[in-house]
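Trainee: dropping the sequence and predicted coords here.
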Amino acid sequence: MNRITVSAPGKLMLLGEHAVVYNHPCLVTAVDQRMRATVEVLNENIFELDAPDVKITDYKKSIDQVGSGDIPKGAKFVEVAVKNFADKYPLFTSIKGGLKISTVSEFSSQFGFGSSSASTVCVVKALSEISQSNLSDEEIFKIAYKTVLDIQGKGSGFDVAAAVYGGVLYFVTGGAKIEKLDIKNLPLVVGYSGVKANTVTLMNQVKEKFADNADRLAEIYSLIDRLVESAKKEFLAGAWDRAGQLMNENQKLLVELGVSIRKLDDMISAATGAGAYGAKLSGAGGGDCMIAFSSDEKRADVEDAIRDAGGEVIKVAPNAEGVRIEK
Ligand code: MEV
């Protein structure tokens, strides 16, 4: 096989962000906006990358330089994924020559849907197929998560898990537990704040804010842990009103962590004011998206309220399929 296209879903954090970085659980859903990667074997010993969504075009280097030297920001995840894969599996004994990789996203990299993790997962899966290494989902998760850690230094890996496995997941740091929940649908409404956030900056900001108050930080994380455990039960029971109340509690703790911003606060209170079961920010905070749970009857009102508060409603279906071969 000389050419393959693979796709993986984006994600939205439902409950448990920040705490999940420090050995606590979270709930995450894969969403039906996907990242696609095409990997092609070349005769020449070169590595080529085309990733217009992250401003990488006409990027070329010698194949033995992959993963070393100055790597532009937009090329990092794909390039380090190739290097990590080749370090562990016999990539260059199965393919003779070079590689051309192209990535295209169905969603903006601004939304915080996890485009970097999804493209990393696509590349690892594509290399597994092209080199006939037949990696299991767990092995794909491990290589992709290592890649994210090599680049970001920290992160729970929940976004990598959503891209690999899809569905709605109960996830513990580093993949210590990954459990797919048997849930058909989530009554999810998503609002984009229009503000771009940086996950690593936000994680460091929390650490600094609580530098002299480590006890309270640990307490907040265990409170979030308990909310996630309760929410898991409510999700499985389809008790969305009670799950919504747990989202509201989670949001209060995120406010105390200092990661909410005025725009998100406004969108969240607009959603609950319009009758949503509950609402909170989703992800690192500082911008990106908020989410709400709403009944079908109230959905239009909740969406209008989010727009009135200056947000953009993004139509995404939760519970999307994990990484898959397209052709
Ligand atoms: C970012 O989307 C969510 C965090 O919990 C980081 C992570 O889990 O890797 C803040």
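Mentor: Structure received. Numbering: from 1, shown residues only.

Trainee: identify each buried residue in the longest helix along the chain, please.
Mentor: Using DSSP state H to define each element, the chain has its longest helix at helix 214-237. Buried residues in helix 214-237, defined by neighbour count with 16 or more other C-beta atoms under 10 Å: 217, 220-221, 223-225, 227-232, 234-235. Every residue, glycine included, has its C-beta placed from N, CA and C.

Trainee: before we move on, what about stretch 149-157?
Mentor: 151, 155, 156, 157.

Trainee: same question for stretch 23-31.
Mentor: 24, 25, 26, 27, 28, 29, 30, 31.

Trainee: now stretch 190-199
Mentor: Quick answer for stretch 190-199 (16+ other C-beta under 10 Å): 190, 191, 192, 193, 197, 199.

Trainee: which ones among the residues you listed are found in helices?
Mentor: Per DSSP H, those map to helices at residue 199.

Trainee: near the ligand, from the buried residues of stretch 190-199?
Mentor: The residues of these that also fall near the ligand, by C-beta under 6 Å from any ligand atom, are residue 199.

Trainee: rewinding a little: in CSV, list the C-alpha atoms belonging to the longest helix of the chain.
Mentor: The C-alpha trace of helix 214-237 is given here as CSV (Å, rounded to 0.1, in the frame of the first residue of the first chain):
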residue,chain,number,x,y,z
ALA,A,214,-1.7,23.9,47.4
ASP,A,215,-4.2,22.5,49.9
ARG,A,216,-7.2,24.3,48.4
LEU,A,217,-6.1,23.4,44.9
ALA,A,218,-6.0,19.7,45.9
GLU,A,219,-9.4,20.1,47.5
ILE,A,220,-10.8,21.6,44.3
TYR,A,221,-9.4,18.8,42.2
SER,A,222,-11.0,16.2,44.5
LEU,A,223,-14.4,18.0,44.4
ILE,A,224,-14.2,18.0,40.6
ASP,A,225,-13.3,14.3,40.8
ARG,A,226,-16.5,13.6,42.8
LEU,A,227,-18.6,15.6,40.3
VAL,A,228,-17.2,13.6,37.4
GLU,A,229,-18.0,10.3,39.2
SER,A,230,-21.6,11.5,39.9
ALA,A,231,-22.0,12.8,36.4
LYS,A,232,-20.9,9.5,34.9
LYS,A,233,-23.8,7.8,36.7
GLU,A,234,-26.3,10.5,35.6
PHE,A,235,-25.0,10.2,32.0
LEU,A,236,-25.6,6.4,32.1
ALA,A,237,-29.1,6.9,33.6
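
Trainee: wait, residue 243 touches residue 276, no?
Mentor: No. Assessed by C-beta atoms under 8 Å, residue 243 is found out of contact with residue 276, at 11.3 Å.

Trainee: what are the ranges of the helices in the stretch 151-300 of the chain?
Mentor: With DSSP state H, counting those that start in this stretch as the criterion, the stretch 151-300 of the chain has helices at 158-165, 199-209, 214-237, 240-257, 262-273, 299-308.

Trainee: the ones you listed: which one's closest to residue 321?
Mentor: Taking C-beta to C-beta, helix 158-165 is the member of those nearest to residue 321, at 9.5 Å.
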